[in-house]
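**Student:** how would this look folded up:
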Amino acid sequence: MIEALACGCPILASDIGNFSEAMVVGETGRLFRCGDAQDLGRQAVELNSCSDRLVAMRGHCRRHIEADYTAEANYPRIMQVYEQAMREARA
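**Tutor:** Predicted structure coming up:
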């Protein structure tokens with residue numbers, strides 16, 4: 001999913017799991033109800049129904065990745081995780 005967003009491709013994902021955490025619903029993709037084939041179809045049609053909105057979503061995808069998923073953005077986060085783990089290990 002991250003690779004799709006990095007390529008500027010809006011995603012269509014199930015509403016279970018952590019998919020909604022990696023996307024901005026309505027800006028970088030859409031969610032469908034898990035197990036609901038009709039909703040999946042509806043969401044796919046809506047996603048592709050407006051070329052202007054789809055073009056805008058592609059730009060949102062790239063900006064979302066550049067803001068949240070680059071090495072520069074992730075390094076401080078991973079360092080916080082490691083520091084917390086080391087503090088807990090010492091305690």
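
**Student:** how far away is the residue positioned nearest the centre of the chain from Ser14?
**Tutor:** Closest to where the C-alpha atoms of the chain average out (C-alpha atoms, centre = their mean) is Met23, at 2.4 Å. Note on Met23: its distance to Ser14, by C-beta to C-beta, to the nearest Å, is 12 Å. For every residue, glycine as well, the C-beta is placed using N, CA and C.

**Student:** now Leu47
**Tutor:** 14 Å.

**Student:** over to Ser20?
**Tutor:** 9 Å.

**Student:** repeat for Glu3
**Tutor:** 18 Å.

**Student:** so the two - more neighbours on which side?
**Tutor:** With neighbours defined as other C-beta atoms under 10 Å, Glu3 and Ser14 compare such that Ser14 has more, 15 against 8.

**Student:** if we can go back for a sec, isn't the residue nearest to the centre of the chain up against Ile11?
**Tutor:** Yes: the pair Met23 / Ile11 is scored as a contact, 6.0 Å apart, by C-beta atoms under 8 Å.

**Student:** what residues do these two have in common as contacts?
**Tutor:** 1, 5, 29 (C-beta atoms under 8 Å, 6 or more residues apart in numbering).

**Student:** show the buried residues in the residues you listed.
**Tutor:** Burial by neighbour count, judged by 16 or more other C-beta atoms under 10 Å, picks out 5, 29 from the shared contacts of Met23 and Ile11.

**Student:** how about the helices in this structure?
**Tutor:** 2-6, 37-49, 51-68, 71-90 (DSSP state H).

**Student:** make CSV out of those and add mean pLDDT.
**Tutor:** Below are the helices of the chain laid out as CSV (pLDDT from 0 to 100):
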stretch, mean pLDDT
helix 2-6, 90
helix 37-49, 94
helix 51-68, 91
helix 71-90, 92
